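*Asks:* structure of the sequence below:
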Amino acid sequence: MVGWHLMALKSGQMAGLDVDDAKNPTFAKATNLLDSVGASDGSGYGYMGPNPTPTMTAVGLLCRLYLGTGPRNTGILSGVNYLKRTPPGSVNSMYYYYYAAQVFHHVGGPDWEAWNPRMRDLLIAKQDKGSDVNKPHLKGSWSPAGDAHGGAGGRLMTTSLALLTLEVYYRHLPLYQRGLNSDKAMKDR
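*Replies:* Next up, the predicted model:
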């Protein structure tokens, strides 16, 4: 849930809203939480402690990027290398793909260029083609069957995350090419 909330707060901040103040240091609290579930070098994240999983690492890395850690930070780069060991098609988790795609997009470079076409092709291949004549309304959606979180979120969640993953570069300019603290953000923090 921290990932979703932090993305919303960062979006509000980028829109000019005051989302963090001295009375309620939200970003500092998010940093403390990430510190408590992250590997000491910042390369991996767990759910309740520092036992990294691909999904939680993708969420944690994205949160760190939103909190201002630069894309050339050694923890971020090590985390990206960890995520590269779980490429598109190696797990059945749209939740993982959603967060990992954003991490790769914001870090950019050859890793994003390798990730994106594989992710796109996988998602297009998994999209319901409408072959079941008894369920034509499913055409264009993604099945939750076998997805790690599909049972909880169903077809609507799976389809929503697939679409958001496919359009990541339409929805998000890379964080570090916006001009917002770009000199500071590019440094290894």
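*Asks:* please count neighbours and contacts with C-alpha atoms only from this point.
*Replies:* Will do.
*Asks:* which residue lies nearest the spatial centre of the chain?
*Replies:* Tyr99 (1.7 Å; CA atoms, centre = their mean).
*Asks:* Gly60 is in contact with that one, correct?
*Replies:* No. Applying CA atoms under 8 Å as the test, Tyr99 and Gly60 come out as separate, 9.1 Å apart.
*Asks:* quick one: the helices in the protein?
*Replies:* Assigned by DSSP state H, the helices in the chain fall at 2-14, 26-37, 54-66, 74-84, 94-107, 109-126, 150-166, 168-171, 182-186.
*Asks:* the fourth one versus helix 94-107: what angle between them?
*Replies:* Yep, that's helix 74-84 we're talking about. 130 degrees (axes from the mean of the first three to the mean of the last three CA atoms, to 10 degrees).
*Asks:* what about helix 74-84, distance to the chain center?
*Replies:* The chain centroid and the centroid of helix 74-84 are separated by 13 Å under CA atoms, centre = their mean, to the nearest Å.
*Asks:* who touches that helix?
*Replies:* Identification of contacts with helix 74-84 by CA atoms under 8 Å, 6 or more residues apart in numbering yields 41-44, 54, 57-58, 61, 69-71, 100, 103-104, 111, 188.
*Asks:* put the alpha carbons of it into CSV.
*Replies:* The C-alpha trace of helix 74-84 is given here as CSV (Å, rounded to 0.1, in the frame of the first residue of the first chain):
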residue,chain,number,x,y,z
THR,A,74,24.4,2.2,-6.5
GLY,A,75,21.4,0.7,-4.6
ILE,A,76,19.0,1.5,-7.4
LEU,A,77,21.4,0.1,-10.0
SER,A,78,21.9,-3.1,-8.0
GLY,A,79,18.2,-3.4,-7.5
VAL,A,80,17.6,-3.0,-11.3
ASN,A,81,20.2,-5.8,-11.8
TYR,A,82,18.2,-7.9,-9.3
LEU,A,83,14.9,-7.2,-11.3
LYS,A,84,16.6,-8.1,-14.5
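*Asks:* for that helix, buried residues please.
*Replies:* Residues of helix 74-84 classed as buried: 74-80, 82-84 (neighbour count, 16 or more other CA atoms under 10 Å).
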